[in-house]
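Asker: got a structure for you, letters missing:
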């Protein structure tokens, strides 16, 4: 996937995090302005648009990522396949596909909307706040992932049982269970009842 001019001007490196603009929204998800990324996450947090992606392989296993240790927000924790923020004016679907490729080096072979969820999750480690109106997406991954080491420390595929085991022993992002639970109806529709989601 070629880098677009928009992607070139919106660096995702942690050093430029405060220069990235996020789309502020009201409780109905209507855009009301913009704010720099780091400022939007300072307590008590400003409600902003975000997205979360859940990709599954042909066996119905969820692709998880461990966030890179160098990230300023929630470094080293496990989370869903991909999450992030659309640029102001960028469609959440386009942002989800773009960031999945940028972080994991793979394009989903299927990506479908799975609703929205609104939450407020403080991150105890960093002191930052995830005050988000989150657009959820589920899909399939059928090609090998090639993670960007600046974004992703490692990846793993997990069945529901394997996820429960990993969740009990490893640290996960503050938002993980909220977004997974909100996406479950769409996940079950995608993976079928035998997958156990």
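Answerer: In hand now; what should we look at? Small disclaimer: the values here were computed from a predicted structure and weren't measured.

Asker: which secondary structure elements does the lengthiest helix in the chain contact?
Answerer: In the chain, taking DSSP state H as the definition, the longest helix is helix 176-191. Here helix 176-191 touches strand 48-56, strand 110-122, strand 129-140, going by 3 or more C-beta pairs under 8 Å, 6 or more residues apart in numbering; DSSP states H and E. Any C-beta I mention is one placed from the backbone N, CA and C, and that applies to glycine too.

Asker: Name the residues that touch it?
Answerer: Here helix 176-191 makes contact (C-beta atoms under 8 Å, 6 or more residues apart in numbering) with 52, 54, 56, 60, 62, 78-80, 83, 110, 112-117, 119, 121, 134, 136, 138-140, 167, 195, 197.

Asker: PyMOL command for the buried members of these?
Answerer: For the buried members of those, the matching PyMOL selection, counting by 16 or more other C-beta atoms under 10 Å, is:
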select buried, resi 52+54+56+60+62+78+79+80+83+114+116+117+119+121+134+136+138+139+140+167+195+197
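
Asker: Tell me, please, where in this structure the pLDDT is lower than the cut-off.
Answerer: 1-18 (pLDDT under 70).

Asker: residue ranges of the helices in it, please?
Answerer: Going by DSSP H, the chain shows helices at 5-9, 37-40, 92-104, 160-169, 176-191.

Asker: mind putting those in CSV, distance to residue 74 included?
Answerer: Below are those laid out as CSV (distance: least, C-beta to C-beta, whole Å):
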stretch, distance to residue 74
helix 5-9, 22
helix 37-40, 13
helix 92-104, 14
helix 160-169, 15
helix 176-191, 10
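
Asker: Just say which of the ones you listed is most tucked in.
Answerer: helix 92-104 (a mean of 21; mean count of other C-beta atoms under 10 Å).

Asker: Specify the angle between that helix and strand 110-122 in degrees.
Answerer: 90 degrees (axes from the mean of the first three to the mean of the last three C-alpha atoms, to 10 degrees).

Asker: quick revisit: which of the helices of the chain sits closest to residue 28?
Answerer: For the helices of the chain, the distance to residue 28 is smallest for helix 92-104, at 14.7 Å, taking C-beta to C-beta.

Asker: How far away from the center of its chain is stretch 182-196?
Answerer: 18 Å (C-alpha atoms, centre = their mean, to the nearest Å).

Asker: Equivalent analysis for stretch 91-104, please.
Answerer: 9 Å.

Asker: just stretch 137-152 next, same as before
Answerer: 11 Å.

Asker: what comes into contact with it?
Answerer: Taking C-beta under 8 Å, 6+ apart as the rule, stretch 137-152 contacts 12-13, 51-58, 63, 65-68, 70-71, 81, 92-93, 96, 102-114, 154-155, 183, 186-187, 190.

Asker: which residues does residue 24 bridge with?
Answerer: residue 33, residue 48 (DSSP bridges).

Asker: Please give me every residue in contact with residue 76.
Answerer: Neighbours of residue 76 in contact, by C-beta under 8 Å, 6+ apart: 66-69, 153, 171.

Asker: Many thanks, have a good one.
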